[in-house]
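Undergrad: Okay, here's the prediction I keep looking at, along with the sequence it came from:
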Amino acid sequence: MSTPPKPTPAELEMLRLLYQLGPATAKGVHAAAVGARPDLTYANVLRLLQVMHGKGLVTRDESARAHVYAPAQEQDSMQTSLLKDLIHKAFAGSGKALVLAALRGGHVSARERAEISALLDEERPQD
């Protein structure tokens, strides 16, 4: 089975909402999105979900009157795929360069740094 195409920024926004909500109708996704995006209409959400279904980014349960949409890929799988693409395109394939850019760019809080450090310590082989 081939992997679905990379989502657009608008599609990523819908996927993020679906990962938070779980399977949801277009109405449910719209209700969750409208707080951050009051300009986003129900029709826009429905159309975007329909396009995403056609692209294989979401599944659609048509057993009820209101169709229920869910991400076609697990969140971890989607994130890994997007991260690999970002590392390849923006960091010449270097995971180290990505991590350094995140750390130096102020995108990581002190708490997150401590968690990362603890994870790295766990990964170190014990001699």
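TA: Structure's in. What do you need? If you're wondering where the values come from, they're calculated on a predicted model, not measured in any experiment.
Undergrad: what about residue 41, neighbour count?
TA: Using other C-beta atoms under 10 Å, the number of residues around residue 41 comes to 12. For glycine as for every other residue, the C-beta is placed from the backbone atoms N, C-alpha and C.
Undergrad: Tell me which residues touch the closest residue in space to it that isn't next to it in sequence, please.
TA: Closest residue to residue 41 apart from its sequence neighbours, by C-beta to C-beta, 6 or more residues apart in numbering: residue 30 at 7.7 Å. Under the criterion of C-beta atoms under 8 Å, 6 or more residues apart in numbering, the neighbours of residue 30 are 40-42, 45-46.
Undergrad: Compare those residues and tell me which has the most neighbours.
TA: Neighbour max across the contacts of residue 30 (other C-beta under 10 Å) = residue 45, 26 neighbours.
Undergrad: Wait, that residue touches residue 13, no?
TA: No: under the criterion of C-beta atoms under 8 Å, residue 45 is not in contact with residue 13, lying 9.8 Å apart.
Undergrad: Run through the chain and note the low-pLDDT ranges.
TA: Residues of the chain meeting the criterion pLDDT under 70: 1-4, 126-127.
Undergrad: cutoff 50 now
TA: Across the chain, nothing is flagged by pLDDT under 50.
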